[in-house]
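**Student:** Need a 3D model of the sequence below.
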Amino acid sequence: MLYFLVEPSTLRIVRGKGPTNQETPGATAYILIVDDDPIIREAIRMCVEHFGYRVREADSGEEALALLTDEVPDLILLDVRMPGINGITLCAHLKADTKTRFIPIVLLTTEGDLDARVAGLEAGADDYFTKPVHPRELAARLRSLLRLKRVTEALEHAENLIGSLALTIEARDTYTAGHCVRLATYAVQLGERLRLSTEELEALQLGGFLHDLGKIAVPDQVLMKPGPLSRDQWRIMREHAIVGDRLAGHIRTLTLVRPIIRHHHERMDGRGYPDKLAGEEIPILARIMAIVDVYDALRTRRAYKPPLEEREAIRLLREASATGHLDAALVRLFIDLRSKTFTATQ
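**Tutor:** This is a model prediction of the structure:
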């Protein structure tokens, strides 16, 4: 079997045995090759097709973007130096887009092009090859990255499943309709004001939906009781923070969300639950969620109370921060945000 190994100025042919289709898992995976050199594209395509993968080609970053609107690939082999949209720019764009950020991207660089490799990795590339590419290494790297992508997709599916479960829990109580969406919105707005990282903002977004995940274990007669809860009912209700944390515990993508689920009922004075954390022992994302959770509860109708006006809700938030329930500094920031938003909508 002939293998075509490519470098910018020459087409090199190397003899060797590569993997058969049977040796390659996920043989129907779709790989997009993006390179402005037709000789390089053809050589890599022949090699990749020999491994059993389905291939499409693009001769520019612009054409690659057009193909992505038609079908999302399982992996992209991307040349760094191209006219127009170069590989670094395209990589950064795809990794910033929630629809394409989990696609493995492998950069194709020339020997000694250290700056391009570093820039590509900083832009979010998953791996890189120095041309010429050896087929055995190419096959092994493709298998590894595609295997990782399948694991990531499985985790994402589990995350979406738990998110749907959380909305189902919300639907059990007609008084909390839209609660998760509002909490996610408020929490992200406050996180942006604090200039939190992208990962932390994403955790707040998810946390808005998943914070009460553990309420799946709370019986309806407790969850929707219109009057005060008994001591035993309060004990059952408080367990939802621990139950939710356990449900999310095996999903790697929820690492930053778990502290929100477990600790959004802690208090600054240490009298909250489940772990009686105090002050800055409480993770900041949980402190943010606690504030927006209390605010939304005050502003919406519940089985046991009517909705409060904005002015009264703000007064009670200030009171909660003064009595050791909520983080006073974060409450001041949130009130400032709400005052601007409320004024703008009047």
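
**Student:** Could you tell me how many residues sit around Arg299?
**Tutor:** Here the number of neighbours of Arg299 (other Cβ atoms under 10 Å) works out to 16. C-beta coordinates here come from the backbone N, C-alpha and C atoms, glycine included.

**Student:** And for Asp245?
**Tutor:** Count around Asp245 with other Cβ under 10 Å applied: 20.

**Student:** Same check on Ala329?
**Tutor:** 11.

**Student:** Would you mind listing the residues in contact with the residue positioned nearest the centre of the chain?
**Tutor:** Nearest residue to the geometric centre of the chain (Cα atoms, centre = their mean): Glu202, 5.8 Å. Shown in contact with Glu202 (Cβ atoms under 8 Å, 6 or more residues apart in numbering): Leu256.

**Student:** what about it, which helix or strand?
**Tutor:** Using DSSP states H and E, Glu202 sits in helix 198-210.

**Student:** Next secondary structure after that helix?
**Tutor:** Immediately after helix 198-210, counting by DSSP H and E, sits helix 220-223.

**Student:** re the thing from before, restricting to C-alpha, output the helix holding Glu202 in CSV.
**Tutor:** Coordinates of each C-alpha in helix 198-210 appear next as CSV, following Å, rounded to 0.1, in the frame of the first residue of the first chain:
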residue,chain,number,x,y,z
THR,A,198,-16.7,32.2,30.6
GLU,A,199,-16.7,28.8,32.4
GLU,A,200,-18.2,30.4,35.6
LEU,A,201,-20.9,32.2,33.6
GLU,A,202,-21.7,28.9,31.9
ALA,A,203,-21.9,27.2,35.3
LEU,A,204,-24.3,30.0,36.5
GLN,A,205,-26.5,29.4,33.4
LEU,A,206,-26.7,25.7,34.0
GLY,A,207,-27.0,26.3,37.8
GLY,A,208,-30.2,28.3,37.2
PHE,A,209,-31.8,25.2,35.8
LEU,A,210,-30.2,22.6,38.0
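
**Student:** which of the residues in it are buried?
**Tutor:** For helix 198-210, a neighbour-count test (16 or more other Cβ atoms under 10 Å) marks 200-210 as buried.

**Student:** can I get the residues you listed in JSON lines with pLDDT and distance to Asp70?
**Tutor:** Shown next, in JSON lines, are these (pLDDT from 0 to 100; distance: Cβ to Cβ, whole Å):
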{"residue": "Glu200", "pLDDT": "96", "distance to Asp70": "34"}
{"residue": "Leu201", "pLDDT": "95", "distance to Asp70": "30"}
{"residue": "Glu202", "pLDDT": "89", "distance to Asp70": "27"}
{"residue": "Ala203", "pLDDT": "93", "distance to Asp70": "32"}
{"residue": "Leu204", "pLDDT": "96", "distance to Asp70": "33"}
{"residue": "Gln205", "pLDDT": "91", "distance to Asp70": "28"}
{"residue": "Leu206", "pLDDT": "89", "distance to Asp70": "29"}
{"residue": "Gly207", "pLDDT": "93", "distance to Asp70": "35"}
{"residue": "Gly208", "pLDDT": "92", "distance to Asp70": "33"}
{"residue": "Phe209", "pLDDT": "88", "distance to Asp70": "31"}
{"residue": "Leu210", "pLDDT": "89", "distance to Asp70": "33"}
